[in-house]
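Visitor: Dropping the sequence and predicted coords here.
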Amino acid sequence: MTELLHQLYGNTGFGYIDWRMIVMWAVVVVLLYLAVYKKFEPLLLVPIAFGAILANLPTQGIVNKPAALVRSPDTGQIVSVVAEAGQSVHLPAVVKVLPGTVGELETESFEALLQGEAIPKYGEGSLLFVLRPLPAETAGDGAAGETITANGQSFQPSDRLVWAEAEGRIVDSAVTEGQTVVKGQSIGELHSEHTGGLFYYIQMGILLEIFPPLIFLGVGALTDFGPLIANPRMLLLGAAAQFGVFGTFMGAQLLGFSSEASGAIGIIGGADGPTSIFLANALAPELLAPIAVAAYSYMALVPVIQPPIMRALTTQSERKIRMKSLRPVSRLEKLVFGVIVTVACILLVPPASPLIGMLMFGNFLRECKVTERLNKSAQNELINIITIFLGTSVGITMTGDRFLRSETLGILVLGVAAFALATSCGILMAKLMNLFSKNKINPLIGSAGVSAVPMAARVSQVEGQKADPGNFLLMHAMGPNVAGVIGTALVAGFFLTMFGGVH
């Protein structure tokens, strides 16, 4: 009876629970509280939170990858071939973030893995190859260190570990010890009768950069560019908010992040989730999870983060400034504006094409008045479906061992600093413009220079009405809000131009 109960318990997922999972459950509760009870961006936070629940349970058929070709992560020399044709690979039910180099493993564990033994947290047969990158590849790792001897072979701490990412049977080991390989070269093949899990395929929308441009299509269809066209100087407020992005970029570099990672972290200051995902996926895919979560979390917390900054940087009299009514903007102006911005921005920063192109396409569908069915689909069905998939795909990456790291906490701190700096720069730019303008700007709308559409504009309206209940700033704030969307997309394109080499 005891043996039967033990067997039944082994078939459940209780044995896989660890402290990281429990901490992440607490994080999920906080996200759901903010979404359901505080109503902070529930359309974003509910899918993210539910994805995070799935990420921190011993699931099957959710995120597992299909067996496929094994490719070299670097250019270098094969030091050890652990995989043998016909060998089976069994991974644990809860796959952890695996060590990247020999130096990260204990010697005993490394020797066991070289012999193909099963280690609970790594599985059985999961280590396939050991690769020694060329000196140019390891120059930034600081690393040779002392030699490690295991199974009669000598290894360096910086030698890379090539793991199986899926369960299956090794069909072929296409390399031999001592052979030189290039990054991306096929060095082995896994086969399995089982396909990948549901979210493995849904996440392709992020990895293949499909979801962010489609979100921009929906945002364009939902957004009225009239306030920006009627008051073009609002472009300066949207541009000023980008100082938060560049300021955080420099801060991240001072903390030791690479230029690519710094650019992906800095874009959080734009408070634009799709752009953050788009850029992180291109420049620092290993940081995609914390960057995406930080960007969407701070977007949801706009009503919490921005008001104290807005009140601290403005006086009561400034918050009471009433701006002149905006002039009516014709349909022709809006159509011409969309085409001109598309052409100008893509010529200026070609890598921003997917975001700018889809944003303006969506807005053209809205303003041309002859594609109502397409416009309504982009505004409703399309953006809603993509939001579900995008949110859960972000949440599914929030595993405890990936998220509860000092690096992740650093990104979260830098993210809120970026957001606060972007908000401050927009407000200060409005105050500066008032020194040279007779037509005064209420500085509160400068905070809407971040890309959180239309949440940031609503916060400007709420804070303005607290100072003067008869003051209506929403439409005025939409000008810098739209400018911020365009500006953040251009900055993302700039970072891609500067750092987006072949990875």
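Guide: Now that the structure is in, tell me what you want to look at. Residues are numbered from 1 along each chain as shown.
Visitor: quick one: the closest residue to residue 421 other than its chain neighbours and residue 180, what's the gap?
Guide: Take residue 421 and drop its neighbours on the chain: the residue closest to it by CB to CB, 6 or more residues apart in numbering is residue 244, 3.7 Å away. (Each C-beta comes from the backbone N, C-alpha and C, glycine too.) Per CB to CB, to the nearest Å, residue 244 is found 45 Å from residue 180.
Visitor: And residue 358, by the same measure?
Guide: Residue 358 is 42 Å from residue 180, by CB to CB.
Visitor: Comparing those two, which shows the higher neighbour count?
Guide: residue 358 (24 against 13; other CB atoms under 10 Å).
Visitor: pretty sure that one is touching residue 210, no?
Guide: No. Residue 358 sits out of contact with residue 210 when judged by CB atoms under 8 Å, with a separation of 10.6 Å.
Visitor: can you map out the strands along this structure?
Guide: Assigned by DSSP state E, the strands in the chain fall at 69-71, 76-81, 88-89, 127-133, 148-150, 153-155, 160-163, 168-173, 180-181, 186-191.
Visitor: And the ones you listed: which comes nearest residue 381?
Guide: The minimum distance between residue 381 and those falls on strand 69-71, with 36.5 Å, by CB to CB.
Visitor: Return the set of buried residues in that closest one.
Guide: residue 70 (16 or more other CB atoms under 10 Å).
Visitor: Same question for stretch 345-361.
Guide: Neighbour-count burial for stretch 345-361 flags 345-346, 349, 351-361 (criterion: 16+ other CB under 10 Å).
Visitor: go on, stretch 75-84?
Guide: Neighbour count says stretch 75-84 has 75, 76, 77, 78, 79, 80, 81, 82, 83 buried, by 16+ other CB under 10 Å.
Visitor: quick one, what contacts the fifth one?
Guide: By that I understand residue 79. Residues counted as contacts of residue 79 (CB atoms under 8 Å, 6 or more residues apart in numbering) are 130, 131, 132, 153, 155, 159, 177.
Visitor: Can you show me the helices along the stretch 251-400 of the chain?
Guide: 259-266, 273-283, 288-300, 302-313, 316-319, 331-348, 353-367, 372-377, 383-395, 400-403 (DSSP state H, counting those that start in this stretch).
Visitor: any chance of these in a markdown table, plus mean pLDDT?
Guide: As requested, the helices of the stretch 251-400 of the chain are exported to a markdown table (pLDDT from 0 to 100):
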| stretch | mean pLDDT |
| --- | --- |
| helix 259-266 | 92 |
| helix 273-283 | 91 |
| helix 288-300 | 84 |
| helix 302-313 | 92 |
| helix 316-319 | 93 |
| helix 331-348 | 95 |
| helix 353-367 | 96 |
| helix 372-377 | 96 |
| helix 383-395 | 93 |
| helix 400-403 | 83 |
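Visitor: which stretch among these comes nearest residue 203?
Guide: Of all these, it is helix 383-395 that lies closest to residue 203, at 4.7 Å by CB to CB.
Visitor: Show me what the closest one is packed up against.
Guide: The elements that helix 383-395 packs onto, with contact taken as 3 or more CB pairs under 8 Å, 6 or more residues apart in numbering; DSSP states H and E, are helix 42-55, helix 198-202, helix 204-207, helix 211-222, helix 273-283, helix 288-300.
Visitor: how distant is that helix from the center of its chain?
Guide: Here helix 383-395 is found 12 Å from its chain centre; the criterion is CA atoms, centre = their mean, to the nearest Å.
Visitor: any idea of the angle it forms with helix 273-283?
Guide: On the basis of axes from the mean of the first three to the mean of the last three CA atoms, to 10 degrees, helix 383-395 is oriented at 50 degrees to helix 273-283.
Visitor: ok, residues contacting helix 383-395?
Guide: 43-55, 199, 202-203, 205-206, 211-212, 214-215, 217-219, 221-222, 273-274, 277, 289, 292-293, 296.
Visitor: if you set the cut-off to 7 Å instead, what comes out?
Guide: Residues outside helix 383-395 that contact it (CB atoms under 7 Å, 6 or more residues apart in numbering): 43-44, 47-52, 55, 199, 202-203, 205-206, 211, 214-215, 218, 292-293, 296.
Visitor: what's around the nearest residue to residue 451 once chain neighbours are set aside, how many residues?
Guide: Closest residue in space to residue 451, ignoring its immediate chain neighbours: residue 272 at 3.6 Å, by CB to CB, 6+ apart. Neighbour count for residue 272, taken as other CB under 10 Å: 32.
Visitor: What distance do you get for the residue lying closest to residue 49 once chain neighbours are set aside to residue 235?
Guide: Computed as CB to CB, 6+ apart, the closest residue to residue 49 that is not its neighbour in sequence is residue 31, at 3.9 Å. Separation of residue 31 from residue 235 (CB to CB): 34 Å.
Visitor: quick one: which of those two has more around it?
Guide: Just comparing residue 31 and residue 235: by other CB under 10 Å the higher neighbour count belongs to residue 31, 25 against 18.
Visitor: give me every residue that touches that one.
Guide: 45, 48, 49.
Visitor: Would you mind splitting this protein into its domains for me?
Guide: 69-195, 202-499 (automatic domain parsing).
Visitor: Deepest-packed of the ones you listed, please.
Guide: Comparing the domains of the chain by mean neighbour count (mean count of other CB atoms under 10 Å), domain 202-499 ranks first with a mean of 21.
Visitor: what's the spacing between that domain and its chain's center?
Guide: 14 Å.
Visitor: residues touching residue 219, list them.
Guide: By CB under 7 Å, 6+ apart, the neighbours of residue 219 are 359, 362, 453, 485.
Visitor: One more pass at 10 Å, please.
Guide: Contacts for residue 219 (CB atoms under 10 Å, 6 or more residues apart in numbering) come out as 272, 274, 355, 358-359, 362-363, 378-379, 383, 451, 453-454, 482, 485.
Visitor: ditto for residue 51
Guide: 28, 62-63, 199, 202-203, 388-398.
Visitor: What of residue 20?
Guide: Contacts of residue 20 by CB under 10 Å, 6+ apart are 56, 94, 96, 399, 400, 401, 402, 403, 404.
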